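> Could you look at this predicted model? Sequence included:
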Amino acid sequence: MSTPAFLDMQQLADRYGLSKEWVRVRVKQRAIPFSRVPGGRLVRFSADDVRAIDAMFTPEPVLNGPPASRAVAA
C-alpha cells in the first residue's frame, strides 16, 4: 500500500497523533505549510509540506547534566 500523494487534515493529524482541530488552527495561523486545491477551499498537504513539518518538529538532542567545563570534581 502506497502513501497518498496528498494528505488531508485528518490524515496529517493521525500521522502526528494530534487532533484535527490542532491542524486546522495551525493552517489558519499559517504556522505550518499546506496547499489549497485550485479553485477551492480544501486544504491538502503534499510530500514536501509533510517533510517541512517534520523538520519543524524534529526534537533537538538534550544534554543531561552540566557542561563538561563546569563539572565539579569529586
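Here it is on my side, so go on.

> What is the three-state secondary structure of the residue most central in space within the chain?
Among the residues of the chain, the one closest to the centroid is Ile53, at 3.4 Å (CA atoms, centre = their mean). Using DSSP: H, G, I helix; E, B strand; the rest coil, the secondary structure recorded for Ile53 is helix.

> Trp22 and Arg44, how far apart?
Computed with CB to CB, to the nearest Å, the distance linking Trp22 and Arg44 is 17 Å. Backbone N, C-alpha and C define where each C-beta goes, glycine included.

> who has more neighbours, the two?
Comparing Trp22 with Arg44 by other CB atoms under 10 Å, the one with more neighbours is Arg44, at 18 against 15.

> List the beta-bridge partners for the more buried one.
With DSSP bridges applied, Arg44 shows beta-bridge pairing to Ser35.

> Enumerate every residue touching it.
Arg44 makes contact with Phe6, Leu7, Asp8, Phe34, Ser35, Arg36, Val37, according to CB atoms under 8 Å, 6 or more residues apart in numbering.
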